[in-house]
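K.L.:
The following comprises the amino acid sequence and a computationally predicted model.
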Amino acid sequence: MGDKTMTADEVVSRLSSGMTLGIGGWGSRRKPMALVRALLRAGIGDLTVISYGGPDIGMLAAAGRIRKLVTAFVTLDSIPLEPHYRAARERGDLALTEVDEGMFMWGLHAAAQRLPFLPVRAGLGSDVMRVAPDLRTVTSPYEDGETFVAMPALRMDAALVHVNRADRLGNGQYLGPDPYFDDLFCEAADEAYVSCERIVDTAELTKEAAPQSLLLKRLAVTGVVEAPNGAHFTSCAPDYGRDEEYQREYASTPWPEFAERYLSGDEGAYRSAVREWRKEREA
């Protein structure tokens with residue numbers, strides 16, 4: 001229960017190729033992008049990734065790091081379909097298990113509770129059962145006899161999430177409008193790594209917001225990384241919104257060119273490259 005602070009590079013040093021990795025956030029909202037960029041620098045690949053997908057999936061797919069993806073969608077929100085993910089999918093670069101958003105949530109719940117599956121109505125009568133042929137159904141043992149989808153647990157070797165504030169013990173706080181299931185990602189994983197905008201003393205967490213905003217429990221968190229602006233270019237409300245101009249730059253730039261300009265150095269180099277791009281636009 002001691003100090004769990006570490007750097008992004010220390011986090012990825014604990015990860016390895018072939019893992020099943022969960023990434024929190026939702027679309028282009030509060031994604032742990034500083035940790036994703038560190039993962040890209042580390043060269044880790046052959047991953048099974050579980051995510052309500054956004055640019056985390058686009059970047060990892062474009063870089064050839066994903067072997068299998070489990071998702072309900074991959075979007076940039078204001079850009080409906082993530083273009084780099086779409087290109088990788090059209091090339092056949094990765095295997096895909098696509099499920100309903102509610103099914104995905106219950107898969108997280110099952111994993112967090114260490115259950116093999118949970119029964120859900122979502123998915124019945126839809127093409128989900130066709131495009132994900134490994135899914136099974138179960139029949140209620142009670143007199144109703146209802147049939148349900150048996151949504152398998154989405155177990156993970158490690159999870160990466162981003163929140164607004166955290167303390168050194170691993171308690172994590174969100175200050176925006178939505179928790180995005182990040183608590184379930186942490187509880188569903190063997191190890192969970194949390195980046196945050198700012199590390200504060202434990203007593204400071206409830207001075208900024210109500211106790212209900214304490215989303216992540218220290219018992220479910222392995223490491224904490226202070227990463228100001230660590231969700232960029234996704235949003236991290238109320239600290240900052242989505243960087244729409246830069247997101248359009250990401251979406252419209254061929255991947256090799258984007259990676260060379262913005263991802264060839266450390267996090268400091270990334271920020272410098274973004275500042276330089278912004279100066280060019282203003283010139």
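P.N.:
Thanks, I have the structure now.
K.L.:
Identify the residues contacting Ile199.
P.N.:
5, 165-168, 224, 226 (C-beta atoms under 8 Å, 6 or more residues apart in numbering). Heads up, the C-betas are built off the backbone N, CA and C, glycines and all.
K.L.:
ah, wrong one, I meant Ser140
P.N.:
Residues counted as contacts of Ser140 (C-beta under 8 Å, 6+ apart) are 119, 146-148.
K.L.:
For the closest residue to Gly58 other than its chain neighbours, grab the count of nearby residues.
P.N.:
Spatial nearest neighbour of Gly58, excluding adjacent residues (C-beta to C-beta, 6 or more residues apart in numbering): His84 at 3.8 Å. His84: 23 surrounding residues under other C-beta atoms under 10 Å.
K.L.:
which ones are touching His84?
P.N.:
Neighbour list for His84: 55, 58-59, 61-62, 250-251, 255 [criterion: C-beta under 8 Å, 6+ apart].
K.L.:
Which member of the contacts of Ile199 is positioned nearest Thr20?
P.N.:
Of all the contacts of Ile199, Thr20 sits closest to Val224, with 21.8 Å by C-beta to C-beta.
K.L.:
now the strands: where do they sit in the stretch 51-200 of the chain?
P.N.:
For the stretch 51-200 of the chain, strands defined by DSSP state E, counting those that start in this stretch occupy the ranges 66-71, 95-98, 117-120, 136-139, 147-152, 156-166, 172-173, 189-199.
K.L.:
ok, back up a step: could you redo the contacts of Ile199 as JSON lines and give each row pLDDT?
P.N.:
Converted to JSON lines, the contacts of Ile199 look like this (pLDDT from 0 to 100):
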{"residue": "Thr5", "pLDDT": "98"}
{"residue": "Arg165", "pLDDT": "98"}
{"residue": "Ala166", "pLDDT": "98"}
{"residue": "Asp167", "pLDDT": "97"}
{"residue": "Arg168", "pLDDT": "98"}
{"residue": "Val224", "pLDDT": "98"}
{"residue": "Glu226", "pLDDT": "98"}
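K.L.:
which helix in the protein runs the most residues?
P.N.:
Ranked by number of residues, the top helix in the chain under DSSP state H is helix 267-282.
K.L.:
Check which residues of it are buried.
P.N.:
Residues of helix 267-282 classed as buried by neighbour count (16 or more other C-beta atoms under 10 Å): 267, 270-271, 273-274, 277.
K.L.:
Stretch 57-68 too?
P.N.:
Across stretch 57-68, burial judged by 16+ other C-beta under 10 Å covers 57-63, 65-67.
K.L.:
in the sheet, who's paired with Met151?
P.N.:
Bridge pairing for Met151 (DSSP bridges) gives the partners Leu118.
K.L.:
doesn't Pro119 make contact with it?
P.N.:
Yes - if you go by C-beta atoms under 8 Å, Met151 and Pro119 touch, sitting 7.5 Å apart.
K.L.:
between the two, which one's more packed in?
P.N.:
It is Met151, of Met151 and Pro119, that has more neighbours when counted by other C-beta under 10 Å, with 26 against 16.
K.L.:
Who are the contact partners of the more buried one?
P.N.:
Taking C-beta under 8 Å, 6+ apart, we find Met151 in contact with 99, 103, 106-107, 110, 117-120, 123, 135.
K.L.:
Can you tell me which of those residues has the most neighbours?
P.N.:
In the contacts of Met151, the most neighbours by other C-beta under 10 Å go to Val99, 27 neighbours.
K.L.:
And for Gly102, nearest residue in space, chain neighbours not counted?
P.N.:
According to C-beta to C-beta, 6+ apart, the nearest residue to Gly102 is Ala122 (3.9 Å).
K.L.:
I meant to write Glu267 there.
P.N.:
Of all residues not flanking Glu267 in the chain, Ala34 sits nearest, at 5.8 Å (C-beta to C-beta, 6+ apart).
K.L.:
need the contact list for Val12.
P.N.:
Counted by C-beta under 8 Å, 6+ apart, Val12 has contacts 35, 38-39, 41-42, 44.
K.L.:
Could you rerun that using 7 Å?
P.N.:
38-39, 42, 44 (C-beta atoms under 7 Å, 6 or more residues apart in numbering).
K.L.:
And Pro228, by the same measure?
P.N.:
Going by C-beta under 7 Å, 6+ apart, Pro228 touches 197-198.
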